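[1] Just the structure for this:
(chains A and B)
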There are 2 protein chains.
Amino acid sequence: MDVPPPQELTQPLQVPSKTLMGPGPSNCSPRVMEAISRPILGHMHPEIFKIMDDIKAGIRYVFQTSNPLTLAVSASGHGGMEAVLCNLLEPGDTALIAVNGIWGERAASMAGRYGAKVTTVEAEVGHDFTLAQIENAVSKHRPHVLFVTQGESSSGVYQNIEGIGDICHRYGCLLAVDTVASLGGVPFLADRWGVDAVYTGTQKVLGAPAGLAPISFSPRAQRKIFERKSPVKVLYWDMTVLGDYWDCFGRSRVYHHTIASQLLYGLREGLAQIAEEGLESVNRRHQECAQRFYRGLERLRLQPFVTDTYKRLPTVTSIKVPDGVDWREVVAYAMKNYSVEISGGLGPSANKVFRVGLMGYNATPEKVDLVLEVLEKALKASGWNRSKL
Amino acid sequence: MDVPPPQELTQPLQVPSKTLMGPGPSNCSPRVMEAISRPILGHMHPEIFKIMDDIKAGIRYVFQTSNPLTLAVSASGHGGMEAVLCNLLEPGDTALIAVNGIWGERAASMAGRYGAKVTTVEAEVGHDFTLAQIENAVSKHRPHVLFVTQGESSSGVYQNIEGIGDICHRYGCLLAVDTVASLGGVPFLADRWGVDAVYTGTQKVLGAPAGLAPISFSPRAQRKIFERKSPVKVLYWDMTVLGDYWDCFGRSRVYHHTIASQLLYGLREGLAQIAEEGLESVNRRHQECAQRFYRGLERLRLQPFVTDTYKRLPTVTSIKVPDGVDWREVVAYAMKNYSVEISGGLGPSANKVFRVGLMGYNATPEKVDLVLEVLEKALKASGWNRSKL
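    Residues are numbered from 1 along each chain as shown, chains lettered A, B, ... in the order given. Coordinates of the predicted model:
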């Protein structure tokens, strides 16, 4: 052998326990953690098919849809975005991307790589889009697909989706929505709002480990996919074959890839806990935690980055870094002394904000109070003096 | 809410314990199972970076390479194939695919979707390629990339790789090798054999859950990727950015996607167990188990699908279904009565063979004897009478 066994691997695995209050992943419930330690199952076993069926039902519930083409792709939330765009776009199609942060930027990059003509409608970081802005852009560019992010987690902005579907369909356009950071924290009604493609991540409100991306396509989107003139560029995400593995078309199950049984167990239990609590109650709990957190920020005289309360994403709050404070010091102090994760910004919000996530298992009044306390102590330790304000 | 909470999710999760002796996934060791139940970590935490570094070292060891661009993509083995092809191929490039089973067929489909001109060199199912066949095809088609499968798990054929790299490089072609089913079961020497791109799965000899695909590119391949005229079609697998997240280029770590910490823990421990045992010893153990299994098949007068012993993949053995036997009954009997998985064929070998996997944690003499015993009983229960032969 030319390469010897690496020394690093002779050391034991080190995994500290942390309270994850950044924009995700969040901590999982004990029930979910127990589930992922169950025995491995094969990707074509009847028991795994049953679990996949349960998951499909759960995903339809959290997206509020009856779409037959509903499943989870074996990838992170990023993979959900890829799957939506590569299935809906053919080379030469026009994609209109609503860009007000990093997720729109990414979608634009992906759509271009898949051969689409990419146009954007833009809003300043920290702001949302009005229906009039959207309609103007759609009527001007006449896109095949409009891509919008419901929860722009890099800035903490919530985007209203209701009404956008109607606009799209008037102009013969499909509506694709990113709900990675928002789903479960705010209402989402795929069918009622006319959403044609939607995906989310598992590691936020759904309370499961990262690694799968729930996804759903409307019958209108499904038709477009089956009527493509060119094959979907990526076989791994090609819904015409992956849909058979997930038994979405009532045909026979066909092997597609080796799915990670452990991740399915976790997602199934995360979805089951949401079904048990009820979506309305889950939404309310996240909203109440956010309000409690906003009140705490006010007491501390800290300023949310998004001014209008109703435009804020309850799941991820961005907070302006006070003048004279080094955000890195604050984040490091919170982790070192309390094992609590508070994050910095991302993309356009980098260096400008802290980001605090209140999601899933961590969306409780106790965790809100904990993160406020840790944030205050960490700021003080970094020389912040609120009496100066 | 329009869609009520699904009834299915009010039932408890059911996961039976099985002995997985099909072509993968295999069972994981208790050490790996314990690891995946550790607490969730964020995708940008220093502790996860340490684990990723350990994994890179472990992957370099199992591939026997010093390639800087070595990491694990967040997808199944199928995703590893996608990642290799979409990074190495530009639209209009010529891809030569060695097809002797389902994996070559898949690679040809993928390469075409990425815009390559696809040519194939073919061998009958159950057969390998000679160096002369490969050289003829490479000199004729002058491809940019040659794709070969070391372990064709649909038929159980082992392909010798030594010598192919030299042929490729004489003709200015890159060599990509699939080792999903073979790695660890047979020697693989990426650097010595001049392999430019290689990937594997985690759920076979490496003994970890499915969901990650270890991958490595030679400096020659890396240069080609960085000198592409068009961007890699899939951002999720674009090595020029994913390589930074895995710190392969000595620049700073950049967020790319939310990696599944649980899967990293499992892979790290699987690699650590291989490093501890030593690759030569792991290879030998798999070879000895295969030989023991062949002797058992001979006693039972069952015929391996691949006639020449030296062309057989030790990790996955395909066995001809005896005349008059319904393979489905045999497989069902073994599962129902012994919770032992024996598989049927796949793709071109469907309905013709049983497939038995001896991999990782299950590559022991005890498991070999168990699967032989179960196979014999299941065949007898299905009306097979070997005295008739």
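
[2] contacts and neighbour counts: CA atoms only from here.
    Noted.

[3] Tell me where the stretch 251-389 of chain A has strands.
    Counting by DSSP state E, counting those that start in this stretch, the stretch 251-389 of chain A has these strands, from start to end: A:316-320, A:340-341, A:343-344, A:353-357.

[4] Go through those strands and pick out the most buried.
    Counting by mean count of other Cα atoms under 10 Å in any protein chain shown, strand A:353-357 has the highest mean neighbour count of those, with a mean of 28.

[5] tell me the angle of that one relative to strand A:316-320?
    Counting by axes from the mean of the first three to the mean of the last three Cα atoms, to 10 degrees, strand A:353-357 points 160 degrees away from the direction of strand A:316-320.

[6] Show me what strand A:353-357 is packed against.
    Contacts defined by 3 or more Cα pairs under 8 Å, 6 or more residues apart in numbering or on different chains; DSSP states H and E place strand A:353-357 against strand A:316-320, strand A:343-344.

[7] who does it pair up with?
    The sheet places strand A:353-357 alongside strand A:316-320 (antiparallel), strand A:343-344 (antiparallel), with pairing taken from DSSP bridges.

[8] Relative to residue A:95, which of the strands of the stretch 251-389 of chain A is closest?
    Nearest to residue A:95 among the strands of the stretch 251-389 of chain A is strand A:316-320; the distance by Cα to Cα comes to 27.4 Å.

[9] now the closest one: mean pLDDT?
    Averaging pLDDT along strand A:316-320 gives 97.

[10] Name the residues that touch it?
    The contact list for strand A:316-320 (Cα atoms under 8 Å, 6 or more residues apart in numbering or on different chains) reads A:22-23, A:153-156, A:181, A:290, A:302-306, A:345, A:352-359.

[11] Surely residue A:176 and residue A:195 touch.
    Yes. Assessed by Cα atoms under 8 Å, residue A:176 is found in contact with residue A:195 at 6.4 Å.

[12] neighbour-wise, which of those two wins?
    Just comparing residue A:176 and residue A:195: by other Cα atoms under 10 Å in any protein chain shown the higher neighbour count belongs to residue A:195, 29 against 26.

[13] Does the more buried one touch residue A:177 like I think?
    Yes. Assessed by Cα under 8 Å, residue A:195 is found in contact with residue A:177 at 7.1 Å.

[14] Now do the contacts for residue A:43.
    By Cα under 8 Å, 6+ apart, the contact list for residue A:43 reads A:255, A:257, A:258, A:259, A:260, A:261, B:25.

[15] actually residue A:167, sorry about that
    Here residue A:167 is in contact with A:135, A:138 (Cα under 8 Å, 6+ apart).

[16] Buried residues of the helix or strand where it lies, list them for me.
    In the assignment (DSSP states H and E), residue A:167 maps to helix A:164-170. Using 16 or more other Cα atoms under 10 Å in any protein chain shown as the test for burial, helix A:164-170 gives A:164, A:165, A:166, A:167, A:168.

[17] quick one: which of the residues you listed is nearest to chain B?
    residue A:165 (17.2 Å; Cα to the nearest Cα).

[18] Excluding sequence neighbours, find me the nearest residue to the closest one.
    Among residues not flanking residue A:165 along the chain, residue A:194 sits closest, at 4.6 Å (Cα to Cα, 6 or more residues apart in numbering or on different chains).

[19] Please report how far that neighbour lies from chain B.
    Taking Cα to the nearest Cα, to the nearest Å as the measure, residue A:194 falls 13 Å from chain B.

[20] so residue A:229 is in which element?
    Counting by DSSP H and E, residue A:229 is found in no helix or strand.

[21] The nearest residue to it once chain neighbours are set aside: neighbouring residues, count only.
    In this structure, residue A:229 finds its nearest non-sequential neighbour in residue A:90, 7.8 Å apart by Cα to Cα, 6+ apart. As a burial measure, residue A:90 scores 24 neighbours (other Cα under 10 Å).

[22] same deal with residue A:310?
    By the measure other Cα under 10 Å, the count of residues near residue A:310 is 12.

[23] tell me the contacts of it?
    Per Cα under 8 Å, 6+ apart, neighbours of residue A:310: residue A:158.

[24] Residue A:276 against residue B:10, yeah?
    Yes. Contact between residue A:276 and residue B:10 holds when scored by Cα under 8 Å: they sit 7.2 Å apart.

[25] rewinding a little: tell me the average confidence for the helix holding residue A:167?
    In this model, helix A:164-170 has a mean pLDDT of 98.

[26] Relative to the helix or strand that it is followed by, what are the paired strands and their orientations?
    Moving toward the C-terminus from helix A:164-170, the next helix or strand (DSSP H and E) is strand A:174-178. With DSSP bridges as the test, strand A:174-178 is paired with strand A:145-149 (parallel), strand A:197-199 (parallel).
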